[in-house]
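In: Build me a model from this:
(one chain, ligands or ions: 1)
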Amino acid sequence: MSATARKTAPLPDDIRAMKGGTPIVSLTAYTTPMAQMMDAQCDFVLVGDSVGMVLHGLPSTLGVTMEMMVLHGLAVARGLTSAMMVIDMPFGSYEEGPAQAFRNAAHLMRETGAGAVKLEGGMAMGETIAFLVARGIPVMAHVGLTPQSVNTLGGYTVQGRGEAGAALLADAQAVSEAGAFAVVLEKVPQGLADEITGAVPIPTIGIGASPGCDGQILVVDDMLGLFTAFKAKFVKRYAEFGVTGEAAIAAYAEDVRTGRFPGSEHVFADQAP
Ligand code: KIV
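Out: Residues are numbered from 1 along each chain as shown. As a prediction, the model looks like this:
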C-alpha cells in the first residue's frame, strides 16, 4: 500500500494486512507541523509517550500524563489526513486492569480521534488487550524494551538475549493471540526479532530490532537530529536540525545585536502602499 496514493487513513486491519508485504513506515509525532510533514509518507503516526523526554525534558516517560497525551494527540490529529494515528497509553493509565484500561483508552480515542492505542507489556497484558479489542479498541502492543518499566528492567538495555529470548517470543505470541493488530519490538536482537516476525501472524514494527521486521518506527526528533541529549545505536540521523537550528539562532542573535535585523524589508511603511 502506498501512503501517497491513499485518500483516507488506513484502519488497524489494513495495517495488519501489510504483514509480510512492503515494509510499514511509521514515525512518532507530537505537534501539528511535524505531523503534516510526515503524513503522506507514513502508514501510521504514533503519538508516543516519548513526548515527555523529547519535548518536555522529563528524565523518563514515567511522568507523562493523560492530559499531555490528549493535548499532543489533538495537535497531531490536526496535521494528519492520510496516515493512521496511534496514541500511547501513558504509565499508570492501564496497568491496574481491563476496566481502567478501557476507560482511559476510550478517553484518548474520543478526545483525539486516534484510530488505535498502544500499550506496553507482553503476556501480563493479554487479558487487558483482549478486553479492549472485544470492546472496539484496536491495540498495538509493545514488547522488548518497554521504557515505562525502566525501573524494573534496570535501564534501557537490549532485551531477550540468550535464554530470555523464549520469554520474549512468548510475550509477542501472547499479545498477538489476545488480538493486538501489530506489535512494536524495541531493542531486541536481530535474530530474535526475525524469529518473532516469522512466528506471529501480526506485523512486527521494529525499533532497534531488525530490517526483517514488517515495519519500522523511529522517534522523529531522533532521526531529524533535533533530540541531541543522546543518540541510540539504532537511530539513523537523516538530518542535523539541532546543529542547523543552533547556527540559525546564533546568526539571529548576532543580527539583532548588530542591528542587521530587522532590515527594511521586514518593517511596515507609515502609509499603506
Ligand atoms: O513513545 C514512543 O516513542 C514509542 C516508540 C519508541 C515506539 O513507544
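
In: quick one: the residue of the chain positioned farthest from its centre and the ligand, what's the gap?
Out: Going by CA atoms, centre = their mean, the residue of the chain most distant from its centre is residue 271, 50.3 Å out. Distance of residue 271 to the ligand, given as CB to the nearest ligand atom, to the nearest Å: 52 Å. For glycine as for every other residue, the C-beta is placed from the backbone atoms N, C-alpha and C.

In: Grab the nearest non-local neighbour of residue 100.
Out: Among residues not flanking residue 100 along the chain, residue 94 sits closest, at 6.2 Å (CB to CB, 6 or more residues apart in numbering).

In: Quick check, the one you found in contact with residue 104.
Out: Yes: Residue 94 is within contact range of residue 104, at 6.1 Å (criterion: CB atoms under 8 Å).

In: Pick out whichever of these two has more residues nearby.
Out: More crowded of residue 94 and residue 104, by other CB atoms under 10 Å: residue 94, with 25 against 20.

In: contacting residues for that one?
Out: The contact partners of residue 94, taken as CB atoms under 8 Å, 6 or more residues apart in numbering, are 100, 101, 104, 105, 119, 125, 128.

In: Let's see which of the residues you listed end up in helices.
Out: Among those, the residues falling in helices (DSSP state H) are 100, 101, 104, 105, 128.

In: Select from these the one having the most neighbours.
Out: Highest neighbour count within the ones in helices among the contacts of residue 94, by other CB under 10 Å: residue 105, with 28 neighbours.

In: Check the gap between that residue and the ligand for me.
Out: 16 Å.

In: what do you get for residue 175?
Out: Using CB to the nearest ligand atom, we find residue 175 at a distance of 14 Å from the ligand.

In: Which residues of the stretch 101-250 of the chain lie near the ligand?
Out: Within the stretch 101-250 of the chain, the positions adjacent to the ligand are 142, 184, 186, 207, 217, 219 by CB under 6 Å from any ligand atom.

In: if we go to 5 Å?
Out: Residues of the stretch 101-250 of the chain lying close to the ligand (CB under 5 Å from any ligand atom) are 184, 219.

In: Show me the shaky parts of the stretch 101-250 of the chain.
Out: Judged against pLDDT under 70, the stretch 101-250 of the chain has no low-scoring part.

In: which residues does whatever residue of the chain ends up closest to the ligand contact?
Out: Nearest to the ligand in the chain, going by CB to the nearest ligand atom, is residue 48, at a distance of 2.5 Å. Residue 48 sits next to 28, 30, 88, 219 when contact means CB under 8 Å, 6+ apart.

In: do residue 122 as well
Out: Residue 122 is in contact with 141, 143, 167, 168, 170, 171, 172, 174, 175, counting by CB under 8 Å, 6+ apart.

In: Next: residue 97.
Out: When contacts are counted by CB under 8 Å, 6+ apart, residue 97 touches residue 128.

In: And the helices in the stretch 51-200 of the chain?
Out: For the stretch 51-200 of the chain, the helices defined by DSSP state H, counting those that start in this stretch occupy 51-54, 66-79, 98-112, 126-134, 150-153, 164-178, 190-199.

In: okay, those in a markdown table with distance to residue 18 next?
Out: Output for those, formatted as a markdown table (distance: least, CB to CB, whole Å):
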| stretch | distance to residue 18 |
| --- | --- |
| helix 51-54 | 26 |
| helix 66-79 | 21 |
| helix 98-112 | 22 |
| helix 126-134 | 18 |
| helix 150-153 | 30 |
| helix 164-178 | 15 |
| helix 190-199 | 13 |
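
In: Those: which one's closest to residue 225?
Out: With respect to residue 225, and counting by CB to CB, the nearest of the helices of the stretch 51-200 of the chain is helix 51-54 at 12.5 Å.

In: Could you pull up the mean pLDDT of the closest one?
Out: Helix 51-54 shows a mean pLDDT of 96.
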